[in-house]
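Student: Pasted the sequence and its predicted model underneath.
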Amino acid sequence: MQRIILLVICSVLLPLHVSAKEIVNNNFNSGSWAGMAKGSYWTIQQTGGVGNSPAARLEYSVAGTAGKALVQNVSAYKSNQYWIEMDVKMQNQVSGGGKFIKFFGSNSTHSQNNMTLQLDYYGNVQKEVCYNQDTLCTARYTGGNRGSCDATHVFSSSAIDMRGGNWGRYKAWVKRADPGASNGEVKIWWNGNLRAHITKMSSNPSGSSTPFFERIEFGGYNHGAAFNGSTWYLWIDNLYMGTTEKGGTSTPAPAPEPTPEPAPQPVASPNSPADFKQNF
């Protein structure tokens, strides 16, 4: 009886974030933002989404930050890692790039905690993750590092180009490092293909007040010097965000061990057409 009472008390007192997995799962068909806060340049369009369904659209007609963030507060979940999955397209001539997805740390020391999966301001493609006191360190999808940090690139490929007005599926797993440690990690997929796997990131320098993220923003700032004044749009549909993978676990499964190559077989001189085909 005491055990039952204890279990009941624990289930009542434990905060929601302990069992939370899915935070947002929104196809925008209902016209709802599912509790997310949004700036004035974000709207839900009734057509234009995947399969011409409703979708969220961000208008970039002026440079800067104001009105361009779609925000989810995640402080209650007390997690240092998040999964994000969504359909994305960029419409019209793109300039000025954008923050795209930005993970904020504690509000009081956010410059030490931020991580950004940005659209390059001049190239307008996603090619890197910025971290450590906001942007002191950069790890590029092609394998290079910039700044004072030396992340390890487990898998490298090339930049992701979302331009052209066609939908693509974007997926990211971001794990922020423990305070003062170099155990941060990021994995990025585009259309089901792994594009970057980066480990040993110093993404939470010492002095940070919390190991957890506070909020996650989509869209955000685009660069005034690189913006040419021509309106373009960032579209998002079928947005998922959670502390676990959609339909999966919190941490990606390790990459499978490579299959060993079979030992070479001795090649005999062909005595028949069948032997010739097998050996050559």
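Tutor: Done, it's in.
Student: Tell me, how many residues neighbour Phe73?
Tutor: Quick fix: residue 73 is Asn, not Phe. By the criterion of other Cβ atoms under 10 Å, Asn73 has 15 neighbours. (Each C-beta comes from the backbone N, C-alpha and C, glycine too.)
Student: what do you get for Thr43?
Tutor: 13.
Student: when you give positions from now on, start the count at 11
Tutor: Sure, I'll start numbering at 11, so the last one becomes Thr53.
Student: any low-confidence regions in the stretch 161-290 of the chain?
Tutor: 217-219, 263-290 (pLDDT under 70).
Student: Need the residue closest to the centroid of the protein.
Tutor: Ala182 (3.1 Å; Cα atoms, centre = their mean).
Student: residue contacts, that residue?
Tutor: Trp93, Ile94, Glu95, Ile111, Leu127, Val196, Lys197, Ile198, Trp199 (Cβ atoms under 8 Å, 6 or more residues apart in numbering).
Student: pretty sure the fifth one contacts Ile111?
Tutor: Looking back up the chat, that one is Leu127. Yes. If you go by Cβ atoms under 8 Å, Leu127 and Ile111 touch, sitting 4.4 Å apart.
Student: Neighbour count: these two, which is higher?
Tutor: Ile111 (25 against 22).
Student: That one is in what secondary structure piece?
Tutor: For Ile111, the element it lies in under DSSP states H and E is strand 108-114.
Student: which helices and strands sit right next to that strand?
Tutor: strand 125-129, strand 225-229 (3 or more Cβ pairs under 8 Å, 6 or more residues apart in numbering; DSSP states H and E).
Student: Please name whichever of those strands is nearest to Gly59.
Tutor: The closest of the helices and strands packed on strand 108-114 to Gly59 is strand 225-229. By Cβ to Cβ, the value is 15.3 Å.
Student: quick one, the closest one and strand 108-114 angle?
Tutor: 180 degrees (axes from the mean of the first three to the mean of the last three Cα atoms, to 10 degrees).
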